[in-house]
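J.: what follows is a predicted structure for the sequence shown.
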Amino acid sequence: MASNKCRRVPGFTLIELLVTISIVALLAALLFPVLSRSKERARRIECQNNLRQTGLVLHMYPAENRDLLPDCTTNNPKFYGSWWPWDLNTNLVNELELHGARRNILYCPSNARMNDDLHWNFWKYYPPRSNRVLVYVFLLHGSIPIPRHLQRVSIFGDGLTAPASAELVLNAVASTFGDYTRIQGILLYRTSHLQGRTPAGGNVVFLDGHAA
């Protein structure tokens, strides 16, 4: 009976395996930042589209209300109740939804964890508050934390700033006197205002409806 000769199957040595793993790890390290930037770019584009759609919705409201944007002052209890820059009264959000503002466009994709039941139905968890906690800041008349000169009353502006330069809704960077670890919503800045010294952000839709 013929005996089978054992053949030695060629394989990787330990050194070759370590070299291969090192090369794969190096390639992954090089590609990861590229993929991260690509994902963030996609989120920024989606964020800008969200704001553009929101701007269109806010243009529909004045068309039915003598060119006036929603009044969130105490003169209009139906829409009053903005505790933070990113809050809106539930009645106002419902009104925007009737004009086509879906829930998802009111939350930035780079901060998707905010789009949960607690923030959307904030009024349920913390009565007697009557607001939803969103991500975008609406510069509407009567929004308590917003500086008075930034509160928009008419879709045509105040006659001092051109509608193409007057912000209406923004993906703002908020801080307490420049402290981004303790955000209280006291101060609002767009990224460009602080010349790059703030976290990423700054998408804006203007009174004329364009987003940038």
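T.: All right, it came through fine.

J.: hey, where'd the strands end up in this protein?
T.: 87-89, 131-133, 137-138, 167-170, 173-175, 187-189, 204-206 (DSSP state E).

J.: what are the pairing partners of the third one, and which direction each?
T.: Read it as strand 137-138. Strand 137-138 sits in its sheet next to strand 167-170 (antiparallel), going by DSSP bridges.

J.: now the strands of the chain in CSV, with mean neighbour count?
T.: In short, each C-beta sits where N, CA and C put it, glycine included. Below are these laid out as CSV (neighbours: other CB atoms under 10 Å):
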stretch, mean neighbour count
strand 87-89, 25
strand 131-133, 21
strand 137-138, 26
strand 167-170, 24
strand 173-175, 20
strand 187-189, 18
strand 204-206, 23
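
J.: looking at the ones you listed, which one has the lowest mean pLDDT?
T.: Mean pLDDT is lowest for strand 187-189 among the strands of the chain, at a mean of 47.

J.: distance-wise, check the spatially most central residue of the chain relative to Arg132.
T.: In the chain, the residue lying closest to the centroid (CA atoms, centre = their mean) is Cys108, at 2.8 Å. Per CB to CB, to the nearest Å, Cys108 is found 15 Å from Arg132.

J.: pLDDT weak spots in the chain?
T.: Within the chain, the segments meeting pLDDT under 70 span 1-12, 32-37, 172-202.

J.: hang on, the earlier thing: and the nearest residue to the residue nearest to the centre of the chain once chain neighbours are set aside, its phi and psi?
T.: Residue nearest to Cys108 in three dimensions, not counting chain neighbours: Val135, with 4.5 Å by CB to CB, 6 or more residues apart in numbering. Backbone torsions for Val135, taken as degrees, to the nearest 10, come to phi -110, psi -40.

J.: residues in contact with Val135?
T.: When contacts are counted by CB atoms under 8 Å, 6 or more residues apart in numbering, Val135 touches Trp86, Leu106, Tyr107, Cys108, Asn111, Met114, Asn115, Asn171.

J.: now with 6 Å, please.
T.: Trp86, Tyr107, Cys108, Asn111, Met114 (CB atoms under 6 Å, 6 or more residues apart in numbering).

J.: for this protein, which helix is longest?
T.: helix 14-63 (DSSP state H).

J.: tell me how many other residues crowd the residue nearest to Glu40 when sequence neighbours are not counted.
T.: Of all residues not flanking Glu40 in the chain, Ser110 sits nearest, at 7.2 Å (CB to CB, 6+ apart). Residues near Ser110, counting by other CB atoms under 10 Å, number 17.
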